[in-house]
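Peer 1: Here is a sequence together with a model predicted from it:
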Amino acid sequence: CVLCIHADHTLQTVAFALLIPVLGWFLLKELASILRPLLIAVFLAYVLMPYHSGWRKRVGSAASLLFLGGATALAVVVLALVAYASALGLRDEMPRLQVRAVHLTRSVDAYLGANAPWARSHAEGEKPAEERLAEQLSGAASPLLSVAAAGLVEACVVALYLMFLLLGASRFPDKIRAAY
């Protein structure tokens with residue numbers, strides 16, 4: 001039956017068309033911790049290679065790679081450390097910021113109560129806005145700190161990948177020529 005074979009082939013094509021993007025998305029999500037730093041390192045290596053070819057003639061290949069790779073890796077890690085230190089500073093400032101936010105919320109609520117009672121921030125029986133704000137601010141600090149710590153680890157992985165890419169990149173054209 002020719003129609004049965006054609007229908008079976010169409011069904012198989014539709015199944016593959018649906019399954020391949022789903023599996024691709026799943027793999028990208030699961031491998032993000034590996035692929036994201038690798039792609040950043042590949043981009044940085046692509047940017048650094050023209051500088052390496054210019055410096056290689058003046059100071060030598062190994063010194064050029066060591067300097068460019070080391071300086072870039074150091075810059076990436078320092079930027080991640082600055083972001084992490086900023087997140088730590090925000091965590092330390094959080095109690096003072098919460099007190100200030102509660103004070104501002106109370107003053108706005110008092111102003112609205114005096115001038116526009118229909119626009120108050122809470123109804124009877126609800127938590128006041130300053131309590132809700134304090135809860136939300138205290139819950140926001142720890143995820144921010146964990147994201148900054150993950151960024152620091154990822155920056156170290158980018159630096160490691162970058163060093164390996166730059167060390168292998170100097171021999172890459174010779175390997176391509178030898179393959180053909």
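Peer 2: Thanks, I have the structure now.
Peer 1: burial count for residue 149?
Peer 2: The burial metric for residue 149, expressed as a neighbour count using other C-beta atoms under 10 Å, is 15. C-beta here means a position set from N, CA and C on the backbone, and glycine is covered the same way.
Peer 1: need the contact list for it.
Peer 2: Neighbouring residues of residue 149 by C-beta atoms under 8 Å, 6 or more residues apart in numbering: residue 84.
Peer 1: mind checking how far it is from residue 84?
Peer 2: For residue 149, the distance to residue 84 under the criterion C-beta to C-beta, to the nearest Å works out to 6 Å.
Peer 1: which intervals of the chain have sub-threshold pLDDT?
Peer 2: Segments of the chain classed as low confidence (criterion: pLDDT under 70) are 1-8, 117-131, 134, 138.
Peer 1: for the spatially most central residue of it, what are its contacts?
Peer 2: For the chain, the residue sitting closest to the mean C-alpha position, by C-alpha atoms, centre = their mean, is residue 151 at 6.5 Å. Counting by C-beta under 8 Å, 6+ apart, residue 151 touches 80, 83, 84.
Peer 1: which of those residues has the most neighbours?
Peer 2: Greatest neighbour count in the contacts of residue 151, by other C-beta under 10 Å, goes to residue 80: 21 neighbours.
Peer 1: For residue 56, see how far away that residue is.
Peer 2: Note on residue 80: its distance to residue 56, by C-beta to C-beta, is 29 Å.
Peer 1: Residue 175 too?
Peer 2: Counting by C-beta to C-beta, the gap from residue 175 to residue 56 is 17 Å.
Peer 1: So for the two, which residue has more residues nearby?
Peer 2: Neighbour comparison, residue 175 and residue 56: the larger count goes to residue 56, with 16 against 9 (by other C-beta under 10 Å).
Peer 1: how close does residue 155 sit to residue 103?
Peer 2: Distance from residue 155 to residue 103, counting by C-beta to C-beta: 37 Å.
Peer 1: Skip the chain neighbours and tell me the closest residue to residue 40.
Peer 2: Ranked by C-beta to C-beta, 6 or more residues apart in numbering and with sequence neighbours excluded, the top spatial neighbour of residue 40 is residue 158, at 4.9 Å.
Peer 1: Distance from the helix or strand harbouring that neighbour to the middle of the chain?
Peer 2: Taking DSSP states H and E as the criterion, residue 158 maps to helix 129-169. Here helix 129-169 shows a centroid-to-chain-centroid distance of 7 Å under the convention C-alpha atoms, centre = their mean, to the nearest Å.
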